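Engineer: Fold the following and give me the result.
(one chain, ligands or ions: 1)
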Amino acid sequence: MCGIVGYVGRQPAVDILMEGLRRLEYRGYDSAGVATIAPDHTLDIRKSAGRIDRLAARLDEAPVSGTIGIGHTRWATHGPATDGNAHPHVGGHGVLAIAHNGVIDNFAAIKGRLIQEGYQFQSATDSEVIAHLIADCLAEELPAGLNGSTAREVAASGYAPLVRAMSAALAQLNGTYGLVVLFRDFPEVILAARLGSPLVVGVGDNEHFVASDPSPLVGHTDKIVYLADHELAVVTADDLKVVHRDQGHVDHNVQVLEFESGDVDRGGYAHYMLKEIFEQPETIRNTMRGRLSRDEATAVLGGLNLSPGDLRAVDRLLLTACGTSWHAALVGEYLCEEFARLPVEVEYASELRYRNPPLEKNTLLFAITQSGETADTLAALREVKRKGHPTLAICNVVGSTIAQEAAGGIYLHAGPEIGVASTKAFTSQCVALTLLALYLGRLRHLSFGQGMQIIDRLQELPDKVAQALESNDAIREIAEKYYQCGNFLYLGRQYNFPVALEGALKLKEISYIHAEGYPAAEMKHGPIALVDENTPSVFLMPQGLVYEKVMANLEEIRARGGPVIAVVDEGDTRAAALADDVIYVPNVADFLQPIVSVIPLQLLAYHIAVLRGCDVDRPRNLAKSVTVE
Ligand code: M6R
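Structural biologist: Sure thing, here's the model as predicted:
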């Protein structure tokens, strides 16, 4: 939630900031702003409610200069999306500017005190207190203000007074922050700090970048430093120093960033979501790459950091997540129960964190998350960890907070997911959970032969997904028929029940149409009352154990005049004769059906949203990673 970018180097900062903000816009897009320091030591700030294009227009009218600056794209928490509430915020009558991602819980008390001390607030945000608080602490550090020699001394000390002032301010905050600070009188340094909100530093040649995630770095540098909680970075064009709250100066680990430009642009597609849907054959391959052993007929999951003995001792799995990742967890429940015969519980992270369920001694937790930053999922992981249980993660974003705090896990390797609606992450999560179920199963009941059968099916999967994508044109035509409907039902059973939930969520979030996902048989216990000629029901009914049962449910809907869109296996003439519209998917083993049958639902939601004129990649009220509770 909210994107931060900072630059210090030799190039015009505003170009890099604006490019970075466009790449980060998926994190929040209700207002944006930049601050630079002009060569004459003026703090120049431009900000605007609305999308980044409006900020760009404002910059065209009133350009800014300088080779150092910070920028922010906002998802409002405190105060509506207005120019005044947009970041950066100025502290201490113009001595500094900040951009903040996170929430400050005790802002009201601090604000009250600062107002009494004479600070004037311009916004309704919690973030503005950080600006004035740092300015207040800085005034204590440098009571006589600055003259030329003091500024040089401060720089020569490694900006020690600035670091002390910022540390003193941060110590007073309760909450979370990813934070960048620009000081008017020190036009060569950015201070950056994180607690609970991600922040990375890109290391270039005579330049550094700071950002909420790696995407603004792409095309500029492939050297990246992931800051950890309680770390504060002192960033100049030529130098990077990291200070930890408790440990003082710490060595920073420069890693290689694996993204390429193609990962963060739309690559010829109209939207990121469509690009990401079509990437799925490849992203699924990447999730499996190097993780299938035909010699052992099992999965290779070295990142779990638990021995086979440890894993055999596990009596219960607890899977926790939010949103689409929670739907993947439900698929994981079916998989692990079937392959490993392990009891599995799936919990919304937002419920788990406060529910305090009795956890059996040998319970192993998996937090499932694309971003690795979801506040509720992180809090649930910490709570279970605090109780002494091993906590692992299935995560896409390398170096994210959850990836760092988990004792191990499985990276998805699906590449950056930028569309707010999760697509490729879901299918990769299902693949990762299949690998996990296979691995745990082979430690328990599955024979070598059964393991090999699962591997064979998995290896066919990317081609099957590519085949499912071939229905795109047919799905667009179906979308044209139904896009004006106000309600949809999504129905499936067993492995396809979570897919029904996911199909409904996709439609809701990007087209703003009300949709419900249900187990197909449950529909007659209430939701069937919704059925009329304007309420299409999307049935997930590939061949398998419950095909006939779902067919009976389909008849019940038809008997009440509801239109039916059926997702069926190729060659299924029976369903085709009954349904109003049919979408064919290739036949796969039942445990892989979620990965194939979700594809047409992603495409259906996409085309309906486009036809309704919705902003597919940036749906209203949403943001990509939900870092507030
Ligand atoms: O990054 P995470 O997987 O933890 O995010 C969880 C949800 O916020 C996310 O899946 C959300 O529901 C998506 N917008 C769904 O498309």
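
Engineer: Just checking, which helix or strand of the protein averages the lowest pLDDT?
Structural biologist: Between all helices and strands in the chain, the lowest mean by mean pLDDT, DSSP states H and E belongs to helix 261-264, at a mean of 74.

Engineer: contacting residues around the very next helix or strand once past it?
Structural biologist: Helices and strands here follow DSSP states H and E; after helix 261-264, the next one along the chain is helix 272-278. The contact list for helix 272-278, computed with Cβ atoms under 8 Å, 6 or more residues apart in numbering, reads 26, 266-269, 417-421, 423-424, 469, 510, 599, 602-603, 606, 616-617. In this view, the C-beta of every residue, glycine as well, is placed from N, C-alpha and C.

Engineer: and the ligand, which of these contact it?
Structural biologist: Contacts with the ligand within these, counted by Cβ under 6 Å from any ligand atom: V420, A421.

Engineer: Filter the contacts of helix 272-278 down to the buried ones, PyMOL style.
Structural biologist: Of the contacts of helix 272-278, the buried ones go into a single PyMOL selection, burial set by 16 or more other Cβ atoms under 10 Å:
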select buried, resi 26+266+417+418+419+420+421+423+424+469+510+599+602+603+606+616+617
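
Engineer: Let me know the pLDDT of the closest residue to the ligand within the chain.
Structural biologist: Sorted by distance to the ligand under Cβ to the nearest ligand atom, the residues of the chain start with G323, at 2.0 Å. Looking at G323, its pLDDT is 97.

Engineer: N206 too?
Structural biologist: So N206 comes in at 96 (pLDDT).

Engineer: can you give me phi and psi for it?
Structural biologist: Backbone torsions of N206, given as degrees, to the nearest 10, read phi 60, psi 30.

Engineer: Name the nearest residue to it, sequence neighbours excluded.
Structural biologist: In space, and not counting its chain neighbours, N206 is closest to A237: 5.3 Å by Cβ to Cβ, 6 or more residues apart in numbering.

Engineer: Now for the one you found, which secondary structure element holds it?
Structural biologist: Going by DSSP H and E, A237 is not part of any helix or strand.

Engineer: before we move on, what about T36?
Structural biologist: Per DSSP H and E: T36 is located in strand 31-37.

Engineer: Following element in sequence after that strand, please.
Structural biologist: strand 43-49.

Engineer: Counting by contacts, list what that following strand packs against.
Structural biologist: The contact analysis (3 or more Cβ pairs under 8 Å, 6 or more residues apart in numbering; DSSP states H and E) places strand 43-49 against strand 31-37, helix 52-61, strand 96-101.

Engineer: can you put these in CSV and add mean neighbour count, mean pLDDT and distance to the ligand?
Structural biologist: What follows is these, written out as CSV (neighbours: other Cβ atoms under 10 Å; pLDDT from 0 to 100; distance: least, Cβ to the nearest ligand atom, whole Å):
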stretch, mean neighbour count, mean pLDDT, distance to the ligand
strand 31-37, 29, 96, 20
helix 52-61, 15, 95, 20
strand 96-101, 30, 96, 15
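
Engineer: if we can go back for a sec, among the contacts of helix 272-278, name the ones in helices.
Structural biologist: K424, L469, I510, I599, Q602, L603, Y606 (DSSP state H).

Engineer: residues in contact with the last one?
Structural biologist: This means Y606. H271, M273, L274, I277, K506, I510, V616.

Engineer: Any regions of this protein where pLDDT drops low?
Structural biologist: 1, 148 (pLDDT under 70).

Engineer: Let's check: the centremost residue of it is which one?
Structural biologist: For the chain, S371 is the residue whose C-alpha lies nearest the centre (Cα atoms, centre = their mean; 3.2 Å).

Engineer: if I pick it, what's in contact with it?
Structural biologist: With Cβ under 8 Å, 6+ apart, S371 has these contacts: N396, V397, S400, K624, S625.

Engineer: how about 7 Å then?
Structural biologist: Contact analysis of S371 by Cβ atoms under 7 Å, 6 or more residues apart in numbering lists V397, S400, K624, S625.

Engineer: for G9, same thing?
Structural biologist: Counted by Cβ under 7 Å, 6+ apart, G9 has contacts T67, G204, N206, E207, H208, A237.

Engineer: same thing with E231?
Structural biologist: Counting by Cβ under 7 Å, 6+ apart, E231 has contacts A193, R194, V242, H244.

Engineer: how about 8 Å then?
Structural biologist: Taking Cβ under 8 Å, 6+ apart, we find E231 in contact with A193, R194, V242, V243, H244, R245, V250.

Engineer: and those residues, which are buried?
Structural biologist: Among the contacts of E231, those classed as buried by 16+ other Cβ under 10 Å are A193, R194, V242, V243.

Engineer: Check what contacts the helix or strand where the second one lies and list those residues.
Structural biologist: Secondary-structure element containing R194, defined by DSSP H and E: strand 190-195. By Cβ under 8 Å, 6+ apart, the residues outside strand 190-195 that reach it are 6, 8, 68, 70, 102, 159, 162-163, 166, 170, 175-183, 199, 201, 208, 210, 227-236.

Engineer: Narrow the residues you listed to those in helices?
Structural biologist: Per DSSP H, the subset of those in helices is L162, V163, M166, L170.

Engineer: Of those residues, which fall within the contact range of the ligand?
Structural biologist: Of the ones in helices among the contacts of strand 190-195, not one also sits near the ligand (Cβ under 6 Å from any ligand atom).
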